[in-house]
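Asker: only geometry, no sequence info:
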């Protein structure tokens, strides 16, 4: 399985939550979006442990199993399609999460997230775990 981490999945993995760590260990590949990295870095800057959190992230990104996924023109096309579909159905979700869903669909990744609104995104392979 090609596992795509949402921001809350990365955080749960760092916390050592067994449900998420187990999925990480079972994955053939683990992907993380530049959008998720931006959300994480924003959180680090707003927190009191920037250096600690940044170091953990850099160690994670050095893992040969982990790859960073960037946005493409196809991602943008899917973003527009998903956003329009959600709006027509009256199911808005956060904009960053639309980008993340678009990348997951584009690359045929399974998205790991505790955010239930991903269930509204058609064609998305979404793996849920319990939020804390």
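Answerer: On my side now, so go ahead. Remember, it's a predicted structure, so these values are computed and weren't measured experimentally.
Asker: From here on, just use CA atoms for contacts and neighbour counts.
Answerer: Fine.
Asker: Any buried residues in the lowest-mean-pLDDT helix or strand in the chain, and which?
Answerer: When each helix and strand of the chain is scored by mean pLDDT, DSSP states H and E, helix 18-26 comes last, with a mean of 95. Neighbour-count burial for helix 18-26, with 16 or more other CA atoms under 10 Å as criterion, is recorded at 20, 21, 23, 24.
Asker: Which strand or helix spans the residue lying closest to the first one once chain neighbours are set aside?
Answerer: What it means is residue 20. Counting by CA to CA, 6 or more residues apart in numbering, residue 13 is the residue found nearest to residue 20 once chain neighbours are left out, at 5.6 Å. Counting by DSSP states H and E, the secondary-structure element that holds residue 13 is helix 7-14.
Asker: helices or strands up against that helix?
Answerer: Applying 3 or more CA pairs under 8 Å, 6 or more residues apart in numbering; DSSP states H and E, we find helix 7-14 packed against helix 18-26, helix 34-46, strand 110-113.
Asker: Pipe these into a markdown table and attach distance to residue 96 per row.
Answerer: What follows is these, written out as a markdown table (distance: least, CA to CA, whole Å):
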| stretch | distance to residue 96 |
| --- | --- |
| helix 18-26 | 21 |
| helix 34-46 | 7 |
| strand 110-113 | 13 |
